[in-house]
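Novice: when you get a sec, could you give me coordinates for this:
(3 chains)
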Amino acid sequence: MPSSRVLYWFRTDLRISDSPALCASLSLGDIEAFYPVWCWDPSYIYGHRVGLNRWSFLLESMISLSSELTRLNREQKLLVVRSKPQEILPVLWKEWGITHVVWEKDSNAYSKIRDEEIIRLANINGVQVVCVHGRHLYDPEKVGEGYGNKPTLTLHAWQTVTSKMGKVPKPSPTPTTLPDPGITTLPQAKDKFKWEGLDMNSHIRTGHDTCYDHILGPNHDFSIPTMSQMGYSSSTTSIRGGTIQAHQCLSNFLRDPRKVATFSKPASSPTSLEPSTTLLSPYLKFGCVGVREVWWGCKDVIETYTGGGITKEPENMFGQLQFRDMYASAEAATRHFERIRGNHVSRYIDWGLQNQYDPSGHEILPRPRGDLVDEERFEAWKEGRTGFPWIDACMRQLKYEGWIHHLARHSVACYLTRGQCYISWERGMEVFDEWLIDWDPASNPGNWMWLSCSAFFSQYYRVYGLVSWPQKTDKTGQLVRKYCPELKGFPDKYIYAPHLAPESVQRQANCIIGIDYPSPSLDERTEKDRCIARLKNAFALNLHGDAAEVLDGTAAGMFRAKHAESGVSEIKEMSEKERKREEGEKRRKRSGDASLEGFFKRKKVDGGHDKGKGKEKDEEDDDVDRDVGMGEIVKGGKKKKETIQGEA
DNA sequence: CTTCTGTTGAATAG
DNA sequence: CTATTCAACAGAAG
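Specialist: Predicted structure coming up:
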């Protein structure tokens, strides 16, 4: 048997545990030299907007992986080369006499194109490619094949296909040794790589990027880049990368069998200061932990649980992992999954601030300024200054921590798209791409399509309340008080709607709305009504991203006509007084008794009810305040704002 | 064709 | 705390 010289290319799998690809590479037999390589690819470094938190998480995970490799063999470490894989890998193959190149399969569109090129180059160079699936429960491409090459648009569809593909494999064994590396000199390598394209991260760079000064790093030793070498200041997140942290995180969760057995995602709280979920997603994203370790870890622990309340798919832990797979399978089977145009899966809706394309319809152009109202709403959303504390707190937490609860993502995504702002999910997706540590090329577009009712989900009349919804899990507004500290003096009653607080309350809170914290950038109810009406029209037109009308540009006109016909633009802002009256009428109508007697009867029941469950005496007063004073608060608030501004 | 289901809405009745 | 209504969607199953 001829000996082999193996180059293991790390990309999506910064771990040595549960790695089918790594196991495959080590079983090649008679390994003369083993090279664990990371390509510091400038098209990723410069071509994607990535925030500081994800950069630091990546670097920490690389350091962690490298020390794991060293633990297995003192001569080993992660070899970082600063160049495009398409250019440097053939050089490494030649210089190091590589016979096999091995990597974990990545089915997402961007990686697929790159990897096909590497496979082509390997064939030319006589290097054998070993590409092993291991990132998901089931190979997304195989799932697609099992579903007629269609995307899995429901979890049920995914489950049906995979039920015929056997059980989820057990985690692959963690290697206990590694072969030695061979010589690592590179006489032929260029000294310096020059990036010619646009640097999409210049806005967060405070210094010069020196990473590419030498292909092997500043000391010519394949070192892992640092934040300062990239010209970045340090990150703000408290989430630390690495396989050690990943496994600590997993075993923390598995320590409590009851927690694992009764885990229910929809029931977890998006408002709590400490994450109410496992926080495993960043580690899964970078492959610091294997998905089968999580799957079987949970399975095994649940075996030991004897109590009740065991949750099932889809809301349990297994359902969460299955959704991740479902999105990956859908992405692998869909062209242009990450955008609207050309995407068969995504419903076409005439959102504001959509992607712009060159005449050929392929290249996304730098976005020109759109409608000014849309632009302002988008910027306010991104910067956490919408005037709705719940949205602002979430967006500020997202930027600061690189993570927010899954349901908080729902809430801010709904607000930006179909809930209030009517702005393209492409814009929101980009912001998540930049700021989320756990950003995933399938889950994120998938979830944005879900929340915007573009695919996977369609009940557009279910809109998350900006005040009522966070109140369900936290009446006290902890998260708002932490991330919008200017509001922390407000009483619970107004914490999610400080613009409704009387001037005296605002003064006491030391925060004047419109000065110290923005007034709401829109009317929640009016925009919600308008959005629902427009979504209704969009569903009636039933166009998708790959429709001829979308590609030839006639879709916009169809929407304009439809909106005009249905009177969408007629929806006007209703004053609080009118709204109250309307609600009262509705209530009477529903009770089937339009008389005053019926009205009073109902009121009495309401009052008694409140007394029954009310634990605080304030609560009753609150209701009285609302009934009597809301209209005045709003109107007065607007007027008084002027007075205050005049004074200030 | 009809019926059922769909991880995670809000408001209200009991 | 749980069930129902609100006004009504797509996709899959039958």
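
Novice: what's the burial count for the residue in the stretch 401-550 of chain A that DNA strand C sits nearest to?
Specialist: The nearest approach of the stretch 401-550 of chain A to DNA strand C comes at residue A:458, 3.8 Å away (C-beta to the nearest atom of the strand). (Glycine included, C-beta is placed from N, CA and C.) Each residue near residue A:458 was counted by other C-beta atoms under 10 Å, and the total is 13.

Novice: what residues are up against the residue nearest to it when sequence neighbours are not counted?
Specialist: Distance criterion C-beta to C-beta, 6 or more residues apart in numbering; nearest residue to residue A:458, sequence neighbours excluded, is residue A:539 at 7.3 Å. Contacts of residue A:539 were listed using C-beta atoms under 8 Å, 6 or more residues apart in numbering, and they are A:347, A:458, A:460.

Novice: what average pLDDT does whichever strand or helix holds residue A:539 get?
Specialist: If you go by DSSP states H and E, residue A:539 is part of helix A:524-541. Per-residue confidence for helix A:524-541 averages out to 96 on the pLDDT scale.

Novice: how is chain A divided into domains?
Specialist: A:4-177+A:190-213, A:243-332, A:356-570, A:580-647 (automatic domain parsing).

Novice: select, out of those, the one closest to residue A:235.
Specialist: When those are ranked by distance to residue A:235, counting by C-beta to C-beta, first place goes to domain A:4-177+A:190-213 at 3.7 Å.

Novice: residue ranges with poor pLDDT in the stretch 451-600 of chain A?
Specialist: In the predicted model of the stretch 451-600 of chain A, residues A:573-600 satisfy pLDDT under 70.

Novice: point out where chain A drops to low pLDDT.
Specialist: Per-residue confidence of chain A (counting by pLDDT under 70) places the weak regions at A:1, A:188-191, A:573-648.

Novice: which residues of the stretch 151-300 of chain A lie near DNA strand C?
Specialist: By C-beta under 7 Å from any atom of the strand, the part of the stretch 151-300 of chain A that sits against DNA strand C consists of A:153-154, A:156-157, A:160.

Novice: and the furthest pair within the residues you listed?
Specialist: Across those, no pair lies farther apart than A:153 and A:160, at 12.2 Å, counting by C-beta to C-beta.

Novice: all strands of chain A, in order?
Specialist: Under the criterion DSSP state E, chain A contains strands at A:4-9, A:31-39, A:79-81, A:100-104, A:128-132, A:356-357, A:364-365.

Novice: format the ones you listed as TSV; extra columns: distance to DNA strand C.
Specialist: TSV is the format used below for the strands of chain A (distance: least, C-beta to the nearest atom of the strand, whole Å):
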stretch	distance to DNA strand C
strand A:4-9	36
strand A:31-39	38
strand A:79-81	44
strand A:100-104	29
strand A:128-132	29
strand A:356-357	24
strand A:364-365	25
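
Novice: what about the residue of the stretch 1-150 of chain A found nearest DNA strand B, how many residues nearby?
Specialist: DNA strand B sits closest to residue A:137 of the stretch 1-150 of chain A, with a gap of 14.8 Å, by C-beta to the nearest atom of the strand. Counted with other C-beta under 10 Å, residues neighbouring residue A:137 total 24.

Novice: ok, now which ones touch it?
Specialist: Residue A:137 sits in contact with A:162, A:168, A:291-292, A:295, A:321-322, A:325, where contact means C-beta under 8 Å, 6+ apart.

Novice: and if you look at residue A:445?
Specialist: Residues touching residue A:445, when contacts are defined by C-beta under 8 Å, 6+ apart, comprise A:331, A:337-339, A:425, A:429.

Novice: mind putting those into JSON lines with distance to DNA strand C and neighbour count?
Specialist: Below are the contacts of residue A:445 laid out as JSON lines (distance: C-beta to the nearest atom of the strand, whole Å; neighbours: other C-beta atoms under 10 Å):
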{"residue": "A:331", "distance to DNA strand C": "16", "neighbour count": "25"}
{"residue": "A:337", "distance to DNA strand C": "15", "neighbour count": "25"}
{"residue": "A:338", "distance to DNA strand C": "19", "neighbour count": "22"}
{"residue": "A:339", "distance to DNA strand C": "18", "neighbour count": "19"}
{"residue": "A:425", "distance to DNA strand C": "16", "neighbour count": "29"}
{"residue": "A:429", "distance to DNA strand C": "20", "neighbour count": "22"}
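
Novice: quick one on the thing from earlier: and the gap between the residue of the stretch 1-150 of chain A closest to DNA strand B and residue A:291?
Specialist: Look at residue A:137 and residue A:291: by C-beta to C-beta, to the nearest Å, they are 6 Å apart.

Novice: spit out the residues that contact these two alike.
Specialist: In contact with both residue A:137 and residue A:291: residue A:321, using C-beta under 8 Å, 6+ apart.

Novice: quick check on whichever residue of the stretch 351-500 of chain A sits closest to DNA strand B: phi, psi?
Specialist: Scanning the stretch 351-500 of chain A for the residue nearest DNA strand B gives residue A:465, at 2.8 Å (criterion: C-beta to the nearest atom of the strand). When quoted as degrees, to the nearest 10, the phi and psi of residue A:465 stand at phi -70, psi 140.
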